[in-house]
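K.L.:
coordinates only, no sequence provided:
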DNA sequence: TGGATATTACTGCAGAACGCAGTAAAATCA
DNA sequence: TGATTTTACTGCGTTCTGCAGTAATATCCA
């Protein structure tokens, strides 16, 4: 009984549609390009192509390099057909996993400094990823794309990544300004800042660009109705 | 041998720190509030509190409602201590999972319409989530927060969600405008639009707000150096 | 009043996915 | 020539998911 195909199967199939890869190369390529759309473990990248072979969507052949061997996976026509079918199916909603946001939600169990440190870490992670994507993409202008005919796709994809990382960095700034008005993490409830944000949400005004007045307001002297 | 605590353990512990919940209530609360920071399955929300009890971080007691029973979980002092410790640890980098972006990366295996449909679906998902968050948050202005003293936390968290969903919607618009200049999904390489985007990336200019000139450019008649 | 549907309240199980440890050859560096 | 890095994986235990199944209570509507 062969296991069913998952989105991860199609992610690997998509890579194999570009060219044949060894298991090791798949792990390298996936951390470079798939990481920001479909982050998967190295372990999976080694297991998944075997499942594809079992299903007849890829073939495997073993090369020898000295005493050591490696397996090269190649997509089959059935694989290309399966991939094409999948392309016309409806994608699942995007999901975000962020431990730093979990720290914000449960901030009352820690200090203001804990919260600020978590947000700083998130901003630094975003800045690192932003830099990596920028470096890779500016390289494309110098002809450094491994598959030049695919540049239009990877560059358009990169615009989303960069905007996302930029948002994270800007939002952390905004959040830190707001938190700077908090005397503590706990029990504040409806602060002036909270009310200002809620009014912006209600009126569908943008939240980060136009300041909510956080810097115009003076820090609360204690708790507000909460 | 008791299993180690995962981030998901702390997510549940964070909920229990607010008040005691039954397993069923945890699943409800998690889909309402945790979904956008730490999306977990219903199944896990039933299993996780048992692990916490086993570890002494929560206690369980069984109530009877007629013939049916339900288990109420309450955090212990040890649980609060563990949560406080966790709050000061370094969070993992945020990750995004988006099937629609995977369709973009592998777009050459489908049609332009497949790609546009996937992006539209992503924008609609984002619009739905934006609306849900907006509805819940405007309700807070009318005193509808179940834990009023926590309003400052959930509202600041909401600002990130709304900005993220807004970005997704705006980016899909941008991407669709770019794709409208493509005669096909495959083999285009360095189109005029791609070069324009890459120059913006290199110069650290914003990508979505200031148009790259997509509407000023005429659609390419065929392939560019690919 | 009663029958249909929805909500509450879970459990078991198979399979997907992860993280870590382990193995070892080849290549590179100093 | 020895040390480190890169290549190239596998096995195993744990985590997590999705689905099916079970069943009592609550609500709706005719």
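P.N.:
Arrived safely, thanks for sending. Bear in mind the structure is a predicted one, so any value in this text is a computation, not a measurement.
K.L.:
let me see the ranges of the strands in chain A.
P.N.:
Taking DSSP state E as the test, the strands found in chain A are A:21-22, A:58-65, A:68-75, A:95-97.
K.L.:
hey, which of those is tucked in deepest?
P.N.:
Comparing the strands of chain A by mean neighbour count (mean count of other C-beta atoms under 10 Å in any protein chain shown), strand A:21-22 ranks first with a mean of 20. No exception for glycine: its C-beta is placed from N, CA and C like everyone else's.
K.L.:
which residues touch the residue most central in space within chain A?
P.N.:
Chain A has residue A:36 as the residue nearest its centroid, 4.0 Å off, counting by C-alpha atoms, centre = their mean. By C-beta atoms under 8 Å, 6 or more residues apart in numbering or on different chains, the contact set of residue A:36 is A:129, A:133, A:157, A:161, B:96, B:101.
K.L.:
got a quick PyMOL command for the buried subset of these?
P.N.:
Burial among the contacts of residue A:36 is assessed by 16 or more other C-beta atoms under 10 Å in any protein chain shown; the matching PyMOL selection reads:
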select buried, (chain A and resi 129+133+157+161) or (chain B and resi 96+101)
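K.L.:
dump the contacts of residue A:36 into JSON lines; add pLDDT and distance to residue B:204 as well.
P.N.:
Shown next, in JSON lines, are the contacts of residue A:36 (pLDDT from 0 to 100; distance: C-beta to C-beta, whole Å):
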{"residue": "A:129", "pLDDT": "97", "distance to residue B:204": "15"}
{"residue": "A:133", "pLDDT": "96", "distance to residue B:204": "12"}
{"residue": "A:157", "pLDDT": "98", "distance to residue B:204": "18"}
{"residue": "A:161", "pLDDT": "98", "distance to residue B:204": "14"}
{"residue": "B:96", "pLDDT": "98", "distance to residue B:204": "22"}
{"residue": "B:101", "pLDDT": "98", "distance to residue B:204": "22"}
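K.L.:
can you give me the helices in chain A?
P.N.:
Ranges of helices in chain A, per DSSP state H, are A:7-18, A:23-29, A:42-54, A:77-87, A:99-105, A:112-141, A:151-179, A:192-202.
K.L.:
do the second one and chain B meet at all?
P.N.:
Meaning helix A:23-29. No. Helix A:23-29 lies out of reach of chain B by C-beta under 8 Å from any C-beta of the partner chain, never closer than 11.2 Å.
K.L.:
how far off centre is that helix?
P.N.:
The chain centroid and the centroid of helix A:23-29 are separated by 19 Å under C-alpha atoms, centre = their mean, to the nearest Å.
K.L.:
can you pull the phi and psi angles for the residue nearest to the centre of chain A?
P.N.:
phi -90, psi 0 (degrees, to the nearest 10).
K.L.:
name the nearest residue to residue A:207, ignoring sequence neighbours.
P.N.:
Nearest non-adjacent residue to residue A:207, counting by C-beta to C-beta, 6 or more residues apart in numbering or on different chains: residue B:159, 4.8 Å away.
K.L.:
burial count for the closest residue to residue A:111 other than its chain neighbours?
P.N.:
Among residues not flanking residue A:111 along the chain, residue A:185 sits closest, at 6.6 Å (C-beta to C-beta, 6+ apart). Per other C-beta atoms under 10 Å in any protein chain shown, the neighbour tally for residue A:185 reads 21.
K.L.:
pairing partners for the helix or strand bottoming out on mean pLDDT in chain A, with directions?
P.N.:
One helix or strand of chain A scores below all others by mean pLDDT, DSSP states H and E: strand A:58-65, with a mean of 94. Strands that pair with strand A:58-65, judged by DSSP bridges, come out as strand A:68-75 (antiparallel).
K.L.:
was I right about residue A:9 contacting residue A:53?
P.N.:
No. Shown here, residue A:9 and residue A:53 do not form a contact pair, counting by C-beta atoms under 8 Å, at 11.4 Å.
K.L.:
between those two, which one's more packed in?
P.N.:
Neighbours per residue (other C-beta under 10 Å) separate residue A:9 from residue A:53, with residue A:9 holding more: 22 against 16.
K.L.:
burial count for the residue in chain A positioned nearest to DNA strand C?
P.N.:
Using C-beta to the nearest atom of the strand, the single residue of chain A nearest to DNA strand C is residue A:66, 2.1 Å away. If you count neighbours by other C-beta under 10 Å, residue A:66 ends up with 5.
K.L.:
okay, it: pLDDT?
P.N.:
As predicted, residue A:66 sits at a pLDDT of 90.
K.L.:
roughly how far apart are it and residue A:24?
P.N.:
Distance check for residue A:66 against residue A:24: by C-beta to C-beta, to the nearest Å, it reads 15 Å.
K.L.:
still on that earlier bit, ok, which of the strands of chain A comes nearest residue A:85?
P.N.:
strand A:68-75 (13.9 Å; C-beta to C-beta).
K.L.:
and stretch A:30-38, what's its mean pLDDT?
P.N.:
Across stretch A:30-38, the average pLDDT comes to 95.
K.L.:
how about that stretch and DNA strand D, touching?
P.N.:
No. Counting by C-beta under 7 Å from any atom of the strand, DNA strand D has no neighbours in stretch A:30-38; the shortest distance is 11.0 Å.
K.L.:
so which bits of that stretch are buried?
P.N.:
A:30, A:33, A:34, A:35, A:36, A:37, A:38.
K.L.:
was I right about the last one contacting residue B:100?
P.N.:
What it means is residue A:38. No. Using C-beta under 8 Å, residue A:38 is not in contact with residue B:100; the gap is 10.6 Å.
K.L.:
ok, and the closest non-adjacent residue to residue A:174?
P.N.:
Once flanking residues are discounted, residue A:174 sits nearest to residue A:208: 4.8 Å by C-beta to C-beta, 6+ apart.
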